[in-house]
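> Any chance you could fold what I've pasted below:
(one chain, ligands or ions: 2)
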Amino acid sequence: MSDLLTREEYEAIAASLVLPCNAFIGGSFRPAASGATFATVNPATGVKLAEIAACGAEDVDLAVAKAREAFEDGRWSRLHPAERKEAMLKLCRLMEREAHELAVMESLDSGKTIYDCATVDVPETIHVLKWHAELIDKIYDQVAPASDDHIAMVLREPVGVVGLVLPWNFPLLMLAWKIGPALAAGCSVVVKPAAETTLTALRVAELAHQAGIPAGVLNVVTGSGSAVGEPLGRHADVDMVSFTGSTATGRRFLHYSADSNLKEVVLELGGKNPCIVMDDAEHLDEVARHVVNGAFWNMGENCSAASRLIVHRDIRDALMERIEAEARQWNIGAPLDPSVRIGALVSQAHFAKVAGYLEQVGEGRVLMGGRTVDGAFVEPTIVEVPDNAHPLAREEIFGPVLTVIPVASFEEAIAVANDTEYGLAASIFTANARRAIRGARMLRAGTVTVNSFGEGDISTPFGGYKQSGFGGRDNGIHAHDQYTQLKTIWLDLSDPSGSAIG
Ligand code: NAP
Ligand code: MG
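Ligands and ions are numbered 1, 2, ... in the order given. This is a model prediction of the structure:
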């Protein structure tokens, strides 16, 4: 569905949507055991969308029990791979059929633009799920080298019951990055979406059930991090947790694991991603487009956002002129208007955090933007800072704020780029092949792009060096490693009687 509708058509869809509001446990919607609810709002307007079940430890226990039952009886974990694949592909077809509705639901709940939801989030989510579904019946196990009297098999088994704790910046896409490989592997999952953005995860769970993914295999428990995320992280019957979000919260999951059952933990965390532009970079108009897209796409609410522009002094003026011209095209407005590129920040709390950074310019110089609009939006903002020690160069802002740091050499550029506790993504623009390759090797980041800015695609692993990640990678065939464990089976073929073969 790459065709965009008009704003009026999107608004009509918004008015007719039936929003899910209960947790999805064991194949059906249920209110929280306590009966409690919390409001989810449209951050662009402040208008309440729905009251959502505010679950707690009791609901987590029930969801984990349902997931465990499903896993142990093999209704999904031991289903023929081709049948698992078919059910997941059917889910993709159901999602394609209601792609417009999912895009509108995502936009309303998160403040993201309908343009992004309709052209990236929804189609990419479906693509990711299809990619993992297609892999199910194409992964082979191994036979190890062993003596003639033995066969040593190295098999992958699903890890079991998995907790998936999600952020609010790409609610559908992060769901797909995690349930795609987890369900493909045969695991049963308990998803905890971010409280700000629960709607699409609930709808996908319902569609998955309709597609034939059995009850108990995909559960969604709604509620806050402390009421749902923590009990899931501490649960003795959860075998593994995969988390995306802030480094501070990610760190807690290691404690939860250490204090409970040593469950496996995979963390995808924050970033303060450098984008180096050397003096020999070609096609500066194109470079400017990449930098602006990297910095301001999804309002900068992106762990792999290009948040630090490290530019050689000799081309600083030529590049900044082009970047500012490009950034002026990124208009702020109603997220359901398909001509709008900058929507609302996800919540009042997050808006206040980003607005707080705009107060911290200090020694820096605002080159563009710097203001908030209507209490929910932030202008695309560019701030030049004297050096990498400035707070805007060190902390993950998660808003549309690009920090510019001029440098005098390749060596300085690499040193500044690596001077961060994070290591998620990095990029380097240069026409010099030696610098490009040396730079790509020297940058301490999980993904490095040369002459573009991005995070790769579903076929390549995504994750962080240093405090940007822990324990594994999302995406690519490598994501399946998170959700499987290795089983060695030795077969002894020797005949103790010593009789002849046969
Ligand atoms: P967060 O706290 O890391 O939230 C991520 C998920 O963890 C949410 O589902 C959250 O639940 C849950 N959670 C929160 N506290 C928890 C706890 N004590 N135990 C278990 N689970 C818990 O992120 P945030 O507060 O939404 O955003 C803060 C900052 O994190 C952002 O400003 C940004 O810098 C960073 N962030 C990074 C990414 C990324 O993709 N790497 C994504 C989002 C945010 P609730 O939110 O429902 O309470
Ligand atoms: Mg919301």
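
> Any chance you could list what contacts the helix or strand of the chain with the lowest mean pLDDT?
Within the chain, no helix or strand scores below helix 479-482, which has a mean of 95 by mean pLDDT, DSSP states H and E. The contact list for helix 479-482 (C-beta atoms under 8 Å, 6 or more residues apart in numbering) reads 132, 135, 139, 156, 159, 177, 180-182, 184-185, 240, 242, 264, 266, 461, 471-474. From N, CA and C alone the C-beta is placed, and that goes for glycine too.

> With just CA atoms, put it into PDB.
Below are the C-alpha coordinates for helix 479-482, written out as PDB (Å, rounded to 0.1, in the frame of the first residue of the first chain):
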ATOM      1  CA  ALA A 479      18.200 -12.500  15.100                       C
ATOM      2  CA  HIS A 480      17.200 -16.200  15.200                       C
ATOM      3  CA  ASP A 481      20.100 -16.900  17.500                       C
ATOM      4  CA  GLN A 482      18.400 -14.900  20.200                       C
END
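
> for it, the distance to its chain's centre please.
Centroid separation for helix 479-482 versus its chain: 15 Å, with C-alpha atoms, centre = their mean, to the nearest Å.

> same question, stretch 444-463
On the basis of C-alpha atoms, centre = their mean, stretch 444-463 sits 13 Å off its chain's mean C-alpha point.

> what about that stretch, start to end distance?
The first residue of stretch 444-463 is 12 Å away from its last residue (C-alpha to C-alpha, to the nearest Å).

> does ligand 1 sit close to it?
No: figure legend: stretch 444-463 not in contact with ligand 1 (C-beta under 6 Å from any ligand atom); closest approach 10.4 Å.

> List the buried residues of that stretch.
Of all the residues in stretch 444-463, those buried under the rule 16 or more other C-beta atoms under 10 Å are 444-449, 451, 453, 455-456, 458, 461-463.

> Most proximal residue of the stretch 51-200 of the chain with respect to ligand 2?
The minimum distance from the stretch 51-200 of the chain to ligand 2, using C-beta to the ion, falls at residue 109 (4.1 Å).

> check which helix or strand covers that residue.
Per DSSP states H and E: residue 109 is located in helix 99-110.

> near ligand 2, which residues of this protein show up?
When proximity is defined by C-beta under 5 Å from the ion, the chain lies next to ligand 2 at 40, 109, 196.

> and the second one, what is it in contact with?
Listed by C-beta under 8 Å, 6+ apart, the contact partners of residue 109 are 40, 42, 49, 171, 196-200.

> How are the strands of the stretch 101-250 of the chain distributed by residue range?
Along the stretch 101-250 of the chain, counting by DSSP state E, counting those that start in this stretch, strands occupy 142-144, 150-158, 161-165, 188-192, 218-220, 240-244.

> now the angle from the second one to strand 240-244?
I take that to be strand 150-158. Strand 150-158 runs at 50 degrees relative to strand 240-244, counting by axes from the mean of the first three to the mean of the last three C-alpha atoms, to 10 degrees.

> Quick check: neighbours of strand 150-158 in the sheet, parallel or antiparallel?
Partners of strand 150-158 in the sheet, by DSSP bridges, are strand 142-144 (antiparallel), strand 484-492 (antiparallel).

> Other residues contacting the last one?
Here strand 484-492 makes contact (C-beta under 8 Å, 6+ apart) with 144, 146, 149-159, 185.

> From the chain's centroid, how far away is that strand?
With C-alpha atoms, centre = their mean, you get 32 Å for strand 484-492.

> Do you have the strands of the stretch 351-500 of the chain handy? List them.
365-368, 372-373, 377-378, 381-384, 401-407, 425-429, 447-450, 469-470, 484-492.

> Identify the residues contacting residue 391.
Counting by C-beta under 8 Å, 6+ apart, residue 391 touches 357, 360, 362.

> For residue 399, find the nearest of the strands paired with strand 150-158.
strand 484-492 (37.0 Å; C-beta to C-beta).

> Which positions within the closest one qualify as buried?
Buried positions in strand 484-492, judged by neighbour count with 16+ other C-beta under 10 Å: 484-485.

> Not counting sequence-adjacent ones, nearest residue to residue 315?
Nearest residue to residue 315 in three dimensions, chain neighbours excluded: residue 279, at 5.1 Å (C-beta to C-beta, 6 or more residues apart in numbering).

> Thought residue 316 was touching the one you found, still the case?
No: using C-beta atoms under 8 Å, residue 279 makes no contact with residue 316, being 9.3 Å away.

> give me every residue that touches the residue nearest the centre of the chain.
Nearest to the geometric centre of the chain sits residue 174, at 3.8 Å (C-alpha atoms, centre = their mean). Residues near residue 174 by C-beta under 8 Å, 6+ apart: 166-167, 244.

> Try it again at 10 Å.
If you count contacts by C-beta atoms under 10 Å, 6 or more residues apart in numbering, residue 174 has them with 121, 125, 128, 164-168, 191, 193-194, 197, 201, 242, 244-245, 268, 303, 474.

> quick one, helices of the stretch 251-400 of the chain?
Using DSSP state H, counting those that start in this stretch, the helices of the stretch 251-400 of the chain run over 284-296, 316-327, 348-358, 391-394.

> The longest one packs against which elements?
This means helix 284-296. Helix 284-296 sits against strand 273-277, strand 306-312, helix 316-327, strand 381-384, strand 401-407, strand 425-429, with contacts defined as 3 or more C-beta pairs under 10 Å, 6 or more residues apart in numbering; DSSP states H and E.

> Pretty sure residue 301 sits against residue 171.
No: assessed by C-beta atoms under 10 Å, residue 301 is found out of contact with residue 171, at 11.2 Å.

> Find residues that contact each of those two.
Counting by C-beta under 10 Å, 6+ apart, the contacts common to residue 301 and residue 171 are 110, 112, 346.

> per-residue confidence for the first one?
In the predicted model, residue 110 carries a pLDDT score of 98.

> what's the neighbour count on it?
Using other C-beta atoms under 10 Å, residue 110 has 34 neighbouring residues.

> Use 37 as the first number for this chain going forward.
Fine by me, first position is 37 from now on; the one you just mentioned is residue 146.

> Okay, it and residue 505: tell me how far apart.
23 Å (C-beta to C-beta, to the nearest Å).

> could you pick out which of the contacts of residue 210 are near ligand 1?
With C-beta under 6 Å from any ligand atom as the criterion, those include 201-204, 230, 280-281, 304, 339 near ligand 1.

> that older thread, ok, the shared contacts of residue 337 and residue 207 vs residue 360, which is closest?
Nearest to residue 360 among the shared contacts of residue 337 and residue 207, with distances taken as C-beta to C-beta, is residue 148, at 24.2 Å.

> Test my guess that the closest one contacts residue 155.
No: between residue 148 and residue 155 there is no contact under C-beta under 10 Å: 11.3 Å.

> Residues in contact with both of those two, list them for me.
Common neighbours of residue 148 and residue 155 (C-beta under 10 Å, 6+ apart) are residue 139.

> of those two, who's got more company?
Set side by side, residue 148 and residue 155 show more neighbours around residue 148, with 29 against 17, by other C-beta under 10 Å.

> What count of nearby residues applies to the nearest residue to the more buried one once chain neighbours are set aside?
Nearest non-adjacent residue to residue 148, counting by C-beta to C-beta, 6+ apart: residue 379, 5.3 Å away. Neighbours of residue 379 under the rule other C-beta under 10 Å: 28.

> could you measure residue 379 against residue 410, distance?
Noted for residue 379: a distance of 12 Å to residue 410, by C-beta to C-beta.
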